[in-house]
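1. Generate coordinates for the sequence data below:
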Amino acid sequence: MPSTDRTPAMAHDPPSDTLHFSLRDALRASLRALGPEDVRLVLAVSGGADSMALLFAMARWAPERIAVVATYDHGTGAHAREAASLVAAEARRLGLNVVRERAWRPASTEAGWREARWRFLWRIARAYGARVATAHTADDQLETMVQRIARGTGARGLAALAAPGPVVRPWLQLSRADLRAWVVAEGVPYLDDPANADRRHQRVRLRIDLLPAIERVDPGFGAAMRDLGERAAAWRRDADALAARLPWRQVAAGTWQLPRDAVAGWTEEMLAVVWPALLAPLGVTLTGDGTRRLLRFTIGHARAGELRLPGGVVVVRAGAVFEVRLPEATAVRDAARRAAARSCVAGATLAWPGWRFHRVAAPACDATSLADCSLAAFPEGAALEVRSWQPGDRIATPRMEAGRRISRYLSEAGVPRRDRSGWPVVLADGEVAWVPGICRGLAAPHRSGRSDLIWYRSEREFG
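-> Numbering: from 1, shown residues only. Below is the predicted model of the structure:
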């Protein structure tokens, strides 16, 4: 129900009893841990008691930190509309900027509501160059931990809402009951969401039934769990620091690489710490099964191979590196498979999905350039064609003038089978001349003293 007093006093701290002053001091102390003072915040306010406490406390004690108040109407009915209206009206009354948005297509599940709300909040945060601040409490932390344990989470997931990240959560050490007591004492208006009493939702059943029952049987269970979450968060910070020291780098949009020798000899326990830390900033969350599969894949000795993870993420063992490709990188590779052949004359621009070709000056024809198969030269005016590799393709080289199957070169270079059908092959005057990055044929002359050659360098955009 909405509180009856919709005109809270904001000019000074009203006189109250010892409990009220204690709560006030706890709230003010929490706000002092908001992070760097030059970072402004998007306040995520739903209209409930916890988030309205955040709105009014920030307006009173840290108004200069507020970039905007953001409220999202999930489009689920009268309550969602009234809650968004309450937030917008009170924020404006406090002299704050407000962004209010309503879902075009209302979701029907908890996960759908959460995803839609966070898309909205991240968009607003990017627009204002700010961080998101939420009103999650110690109770939310406990509920999230128990939900994750039920799904079989590991040590990383146990950190739950206390995990290091871009979201600011000043109330995480405060209970839901304490915040409710403060807003009642202050006369802060709020609306109770009827969904918070609907046992069809797992979190509600935890909140109303399971956790109180456990606390009765094992007093102190909640406090012990929250302490475990804090220790897991500290462990997670250490794991992230370890991962940051590895030579993990982005090589193209959607594609990252880790040298295999950087983790050679590591145990499964060590890899179970590092892989999730590397992948989490990419938005990839490993399940328990996904982690176990990735560990076995990492420790395996095969030169080439691939592993598909949920969400379309692909991990490739390619030669001396592990390569992680997000779905958009995979999409570019698949586009290369489907691409039609592209023809031009030597001197024009070569093009192929996922690759870049640059005209370059003639290099010194020494041992280094001879061995560099990212370079190739063609006689000026030669008819060039770029197409995808096809089974049965052969290339004649100085060592194999009779020709050898390109598939053998691709295999020896550690190119996974799934990538071969999208790998470019360059023909000169109808003869296979160059497999970029892999080998160069007799049709791509590499001799000093020829001034009529056009030189190209190849670079992969996606692994």
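2. low-scoring pLDDT stretches of the stretch 151-300 of the chain, where are they?
-> Within the stretch 151-300 of the chain, no stretch falls below the threshold (pLDDT under 70).
3. What residues of the lengthiest helix in the chain count as buried?
-> Ranked by residue count under DSSP state H, the longest helix found in the chain is helix 221-244. Applying a neighbour-count criterion of 16 or more other C-beta atoms under 10 Å, one finds 222, 225-226, 228-229, 232-233, 236, 239-240, 243 buried in helix 221-244. (Glycine included, C-beta is placed from N, CA and C.)
4. which among those gets closest to Arg65?
-> Arg65 lies nearest to Ala233 out of the buried residues of helix 221-244, by C-beta to C-beta, at 22.9 Å.
5. Now do the contacts for that closest one.
-> Contacts for Ala233 (C-beta atoms under 8 Å, 6 or more residues apart in numbering) come out as 159, 162-164.
6. let's see it at 10 Å
-> 141, 156, 158-165, 172 (C-beta atoms under 10 Å, 6 or more residues apart in numbering).
7. Now a PyMOL select for only the buried ones of those residues.
-> Only the buried entries of those go into this PyMOL selection, using 16+ other C-beta under 10 Å:
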select buried, resi 141+156+158+159+160+161+162+163+172
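8. Out of the contacts of Ala233, which is nearest to Val321?
-> The nearest one, if we look at the contacts of Ala233 relative to Val321 and count by C-beta to C-beta, is Arg156, at 24.0 Å.
9. what's the closest non-adjacent residue to the closest one?
-> Among residues not flanking Arg156 along the chain, Pro276 sits closest, at 5.1 Å (C-beta to C-beta, 6 or more residues apart in numbering).
10. would you list every one of the helices in the stretch 1-150 of the chain?
-> 18-31, 49-61, 78-93, 110-128, 138-150 (DSSP state H, counting those that start in this stretch).
11. mind listing the strands for the stretch 351-463 of the chain?
-> 355-360, 375-379, 383-388, 394-395, 404-405, 424-428, 431-435, 439-440, 453-460 (DSSP state E, counting those that start in this stretch).
12. Out of the ones you listed, which gets nearest to Val184?
-> The nearest among these, by C-beta to C-beta, is strand 453-460 at 61.5 Å.
13. and stretch 429-449, how far from the chain's centre?
-> 41 Å (C-alpha atoms, centre = their mean, to the nearest Å).
14. wait, isn't Glu385 in contact with Ala351?
-> No: using C-beta atoms under 10 Å as the test, Glu385 is too far from Ala351 to be in contact (11.7 Å).
15. higher neighbour count, those two?
-> Using other C-beta atoms under 10 Å as the criterion, Glu385 and Ala351 rank with Glu385 on top: 17 against 13.
16. how near is that one to Gly441?
-> Here the criterion is C-beta to C-beta, to the nearest Å. By it, Glu385 lies 14 Å from Gly441.
17. so what sits against both of these two?
-> Counting by C-beta under 10 Å, 6+ apart, the residues touching both Glu385 and Gly441 are 425-428, 432-433.
18. from what I can see Gly354 touches Glu328, true?
-> No: using C-beta under 10 Å, Gly354 is not in contact with Glu328, being 11.0 Å away.
19. Looking at these two, which has the bigger crowd around it?
-> Gly354 (22 against 12).
20. Pick out the residue closest to the middle of the protein.
-> Gly283 (1.9 Å; C-alpha atoms, centre = their mean).
21. Give me the phi and psi angles of that residue.
-> Backbone geometry at Gly283, expressed as degrees, to the nearest 10, gives phi 80, psi 20.
22. ok, now which ones touch the closest residue to it other than its chain neighbours?
-> Sequence neighbours aside, Leu326 is the residue nearest to Gly283 in space, at 8.0 Å (criterion: C-beta to C-beta, 6+ apart). Residues counted as contacts of Leu326 (C-beta under 10 Å, 6+ apart) are 253-256, 279, 282-284, 311-314, 462.
23. at 8 Å instead, please
-> Contacts were defined as C-beta under 8 Å, 6+ apart; by that measure Leu326 touches 254-255, 282-284, 312-313.
24. so what's it scoring on pLDDT?
-> For Leu326, the pLDDT comes out at 85.
25. next one: the one 5 residues further on
-> The predicted local distance difference test score for Ala331 is 63.
26. shared neighbours, Glu385 and Ala351?
-> Residues touching both Glu385 and Ala351 comprise Arg342, with contact defined as C-beta under 8 Å, 6+ apart.
27. Now do the helices in the stretch 301-450 of the chain.
-> Listed in chain order (using DSSP H, counting those that start in this stretch), the helices of the stretch 301-450 of the chain are 327-338, 367-371, 406-412, 417-420.
28. What's the mean pLDDT across the last one?
-> Confidence over helix 417-420, taken as the mean pLDDT, stands at 75.
29. Going by neighbour count, which residues in that helix are buried?
-> Buried-residue list, helix 417-420, by 16+ other C-beta under 10 Å: 418-420.
30. TSV for those residues, including distance to Arg151?
-> Listed next are those as TSV, based on distance: C-beta to C-beta, whole Å:
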residue	distance to Arg151
Arg418	30
Asp419	33
Arg420	38
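31. Report the contact partners of the closest residue to Gly392 other than its chain neighbours.
-> If the residues on either side of it in the chain are set aside, Gly392 comes closest to Arg405, at 7.3 Å by C-beta to C-beta, 6+ apart. Taking C-beta under 8 Å, 6+ apart, we find Arg405 in contact with 392-394.
32. Please consider this matter closed, and thank you.
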